[in-house]
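Engineer: Just to be clear, the model below is a prediction. Sequence and coordinates:
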Amino acid sequence: MRALETPTAALPEIPDKRYFAIGEVATLCDVRPHVLRYWEQEFPQLKPLKRRGNRRYYQQADVQMVRTIRSLLYEEGFTITGARQRLRDLQRATLAESGQPAASARQDRQTEIGHLRDELESLLRLLPGQPPR
């Protein structure tokens, strides 16, 4: 077994931090940074925050997702396409367990986004020098 093929069970515990740099995630998940950047393109579920200079900041859920992807690819032998489909299936199963169909969850998010947009526009109107919308 090569150095970068440590079983998921042997990976270090994820520290209780809000944000992780790409190098930290690479170490925590035993993959190289260029692999993480590639996976961001291949897996829509993996979306770290990008800040100044296009720097990536991963959150706890992102690190967990990287470990899941790593397990699917390296330990379970899935292809990229197969792992992508498996993640979709897992997300659907999670939504089904919560008792909320995917379409309903999507509609709830859209409604919440609409409310937030309305609230932000009303706050903008309160700022001095802002034309009413």
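Structural biologist: Yes, it's here.

Engineer: which secondary element of this protein has the worst mean pLDDT?
Structural biologist: helix 102-126 (a mean of 79; mean pLDDT, DSSP states H and E).

Engineer: need the strands for this structure, in chain order.
Structural biologist: Listed in chain order, the strands of the chain (DSSP state E) span 20-21, 49-51, 55-58.

Engineer: Check these for me: which has the lowest mean pLDDT.
Structural biologist: With a mean of 88, strand 49-51 has the lowest mean pLDDT of these.

Engineer: need the contact list for the nearest residue to A21 once chain neighbours are set aside.
Structural biologist: Closest residue to A21 apart from its sequence neighbours, by CB to CB, 6 or more residues apart in numbering: Y57 at 6.9 Å. In short, each C-beta sits where N, CA and C put it, glycine included. Residues near Y57 by CB atoms under 8 Å, 6 or more residues apart in numbering: Y19, F20, A21, P48, L49, K50, R51.

Engineer: Write down the beta-bridge partners of the second one, one by one.
Structural biologist: Spelled out, that is F20. Y58 (DSSP bridges).

Engineer: That one: how many residues sit nearby?
Structural biologist: 23 (other CB atoms under 10 Å).

Engineer: so it makes contact with V63?
Structural biologist: Yes. With contacts counted by CB atoms under 8 Å, F20 reaches V63, the gap being 6.1 Å.
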